[in-house]
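Enquirer: Would you be able to build a 3D model of this:
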Amino acid sequence: AALRAAPTAATAHRRKHAPGPHRWLMVPLTAAALALSLASSACAACTVLSVHDGDTLTADCPDGRLPVRLRDIDAPELTQPYSRRATRSLESLCVGHTARLLDRGFDRYGRTLARVQCAGVDASEEQVRRGYAWVFLRYTNDPRLVALESEARHSRRGLWRQRDPVAPWDFRREHRQLKP
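Expert: Have a look, this model is predicted:
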C-alpha cells in the first residue's frame, strides 16, 4: 500500500469548502424558497383604507401602508367629468374590504402597481365594466378588459354617457402644454 502524505492545512481547507453535491442542491432549493416568498407577498391580504381617485387607493398590508395604483386602467383625473363617480365606485368596491394585490410592480412615482381584488372582485375589471375607467392600452392588451370597455361604451355606462369623453392621458397632455 502506498503511503499518503498527511493533508496540509491548505488541502483540508479546500476539501472543507469545495462545492460538494449537497452544496449544489442548495441553489435550486434557495431559489424555490425565494420564489415562494415573493409569490406569497405578491398575494398578501391587505385592507383598503381609502381611495384617492378612480384608480388609486391606500392599503394596509403586511409590508406596511401602501399607495396602490390599479394596473391596466386609467380613470378620469380629479378635475375631469366623472372623476367623483369613479372615485365613489372604487370606494364602494374596496374600502374596508380585504384586498389581494396581484402582479405587483412599481410605477414611476414609487406607488405599488397591481391588479387588485377586493372581496374577490377584480377592481380594474369592475371599474371598466361600470364605465368609470379606460383600458390603458399603452401598458396592456388584456382582451377581457378591452371587451369590457367595448361593452361599457356600447351600453353608454358611466363616462361613456358623455358625447366626447377625453381620455385621462390626453387630458394630462393638454394640461401640461398649457402650463408656462
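Enquirer: low-confidence ranges in the chain?
Expert: Across the chain, residues meeting the criterion (pLDDT under 70) sit at 1-43, 178-180.
Enquirer: can you tell me which helix or strand the residue positioned nearest the centre of the chain belongs to?
Expert: Residue closest to the mean C-alpha point of the chain, counted by Cα atoms, centre = their mean, is A114 at 1.2 Å. In this assignment (DSSP states H and E), A114 forms part of strand 112-118.
Enquirer: elements contacting that strand?
Expert: strand 64-70, helix 83-94, strand 98-106, helix 123-129 (3 or more Cβ pairs under 8 Å, 6 or more residues apart in numbering; DSSP states H and E). In this view, the C-beta of every residue, glycine as well, is placed from N, C-alpha and C.
Enquirer: on that earlier part again, enumerate every residue touching the residue nearest to the centre of the chain.
Expert: Contact analysis of A114 by Cβ atoms under 8 Å, 6 or more residues apart in numbering lists V68, R69, L70, R71, L101, L102, D103, R104, G105.
Enquirer: For V48, see how far away the nearest residue to V68 once chain neighbours are set aside is.
Expert: Nearest residue to V68, sequence neighbours excluded (Cβ to Cβ, 6 or more residues apart in numbering): T112, at 4.7 Å. Distance, T112 to V48, using Cβ to Cβ, to the nearest Å: 12 Å.
Enquirer: who's more crowded, these two?
Expert: Using other Cβ atoms under 10 Å as the criterion, T112 and V48 rank with V48 on top: 24 against 20.
Enquirer: Which of the three states applies to R153?
Expert: At R153 the chain is in helix, as set by DSSP: H, G, I helix; E, B strand; the rest coil.
Enquirer: burial measure for it, as a count.
Expert: Neighbours of R153 (other Cβ under 10 Å): 15.
Enquirer: go on, the one 5 residues further on?
Expert: Using other Cβ under 10 Å as the criterion, G158 is surrounded by 23 other residues.
Enquirer: That one: what's it in contact with?
Expert: Neighbouring residues of G158 by Cβ under 8 Å, 6+ apart: Y82, R85, A86, S89, R130, G131, Y132, A152.
Enquirer: Could I get the phi/psi values of it?
Expert: phi 60, psi -130 (degrees, to the nearest 10).
Enquirer: From E149, how far off is it?
Expert: 10 Å.
Enquirer: cool, W169 as well?
Expert: 14 Å.
Enquirer: Between those two, which is the more surrounded one?
Expert: Between W169 and E149, E149 has the larger neighbour count (other Cβ under 10 Å), namely 19 against 14.
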